[in-house]
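In: For reference, the sequence and a predicted model appear below.
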Amino acid sequence: MIPFSLVQQHAEQVRQGDPGGRLVLSKMHRGESRVFCATPSLKYVLEGEERYLVDGVEHVVLPGQFLLVEAGVILSAVIRPTSVTTGMCLYLKQDPVLPFVDLRTAEEECERAEPPAGRAGVLSASGTALAEHLKSGALALARDPDRGEGAAARIVCNAAAHLHDVLSDVRLQLSNLDAIKGSTSRDLLRRLDIARAWLWDNDDRIVPLDELSRKAGISQFHLHRCFKAAFGAAPASYHRQQRLQKAAASLRRGELNAAGAAARFGFCDESSLRRALKRSPDLHGDVHRVLHAETSR
């Protein structure tokens, strides 16, 4: 059984994560806590903003993002003077191979005989099973913390399984980026992940490249080229396919009709959505039967 706890006050002494796994729901005001991560951990933010200081480097975690931290790290968690910040911390039972160690380049390996303690990085994992799992789990616990004890094992174990898939994707994405240094590749991927998360969060309209560029903090040319290298499609194509997939899912579930799905997911009209679905055989299938039945009414 994995223990669960609700934390609503900052600690003057260093808190320790349970080496056997633990789930923590935090609802915190302004302040600072020191935490020892005995195992790899995920610090997920549902509402507000958290800042973590790890080895002298500040990591800002926004809603929908999480900080992935290696085992053996003492970090500072800082809440700025805003409204209450709600988050969820998962101390994992298993020790997944973290990309910050596993993906070190040959040059970096020569510089260090052993991996440094305290490596950490912010990810959103937008559109993945891990992102949906963390969000749904945090929402459920925020509404009813009493469910935490019964849900802790499922949330932590499923997150660990999903994390392996995300890290496999991260390794592939980094290998597809042509930055010279591994540290540069990781920073670039972090910026691309911010851009991708923005696309997922704005699925009701077309997002201009200049807006996406400002959000990620890199040039439009660099963003277009590197986004395609990392994620397999240029930003506009990636976003359109993502919106099309969501529209198709809403049609299958009967949540929206064709006109409603077109309006909700940023297509010009019902006809443009229907044409887009016909050009995507992998999405058409049972969606075609839904659209045919709607037309026949």
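Out: Structure received.
In: Show residues contacting stretch 129-146.
Out: 6, 25, 27, 42, 44, 46-47, 64, 66, 86-88, 124-125, 147-148, 151, 155, 158-159, 162-163, 165-166 (C-beta atoms under 8 Å, 6 or more residues apart in numbering). Using the backbone N, CA and C atoms, a C-beta is placed for each residue, glycine as well.
In: Would you mark the buried spots in it?
Out: Leu130, Ala131, His133, Leu134, Gly137, Ala138, Leu141 (16 or more other C-beta atoms under 10 Å).
In: and the third one, what element?
Out: Which is His133. His133 belongs to helix 129-143 when elements are defined using DSSP states H and E.
In: How far does that helix sit from its chain's centre?
Out: Centre-to-centre, helix 129-143 and its host chain are 12 Å apart (C-alpha atoms, centre = their mean, to the nearest Å).
In: Which parts of the helix or strand just after that helix count as buried, going by neighbours?
Out: Counting by DSSP H and E, the next helix or strand C-terminal to helix 129-143 is helix 148-176. Neighbour-count burial for helix 148-176 flags 148, 151-153, 155-160, 162-163, 166-167, 169-170, 173-174 (criterion: 16+ other C-beta under 10 Å).
In: Helix 129-143 and helix 148-176, what's the angle between them?
Out: 150 degrees (axes from the mean of the first three to the mean of the last three C-alpha atoms, to 10 degrees).
In: Can you identify the element that follows helix 148-176 toward the C-terminus?
Out: helix 182-201.
In: which stretches of the stretch 101-250 of the chain aren't confidently modelled?
Out: The model of the stretch 101-250 of the chain has pLDDT under 70 over residues 101-118, 178-183.
In: how would you label the residue nearest to Lys43 when sequence neighbours are not counted: helix, strand or coil?
Out: Excluding the flanking residues, the one nearest Lys43 by C-beta to C-beta, 6 or more residues apart in numbering is Leu67, at 4.2 Å. Three-state call for Leu67 (DSSP: H, G, I helix; E, B strand; the rest coil): strand.
In: my read: Lys27 touches Ile79, true?
Out: No. Lys27 lies out of contact with Ile79 (C-beta atoms under 8 Å); the separation is 10.3 Å.
In: Those two: which has the busier surroundings?
Out: A direct count of neighbours by other C-beta atoms under 10 Å for Lys27 and Ile79 places Ile79 higher, at 21 against 17.
In: check contacts around that one.
Out: His10, Met28, His29, Arg30, Gly31, Glu32, Gly48, Glu49, Glu50, Arg51, Thr85 are the contacts of Ile79 under C-beta under 8 Å, 6+ apart.
In: ranking those residues by neighbours, who comes first?
Out: Going by other C-beta under 10 Å, Glu50 tops the contacts of Ile79 with 25 neighbours.
In: what pairs with that one across the strands?
Out: Beta-bridge pairing for Glu50 (DSSP bridges): Val61.
In: Tell me who's in contact with it.
Out: Counted by C-beta under 8 Å, 6+ apart, Glu50 has contacts Lys43, Val60, Val61, Leu67, Ala77, Val78, Ile79, Thr85, Gly87.
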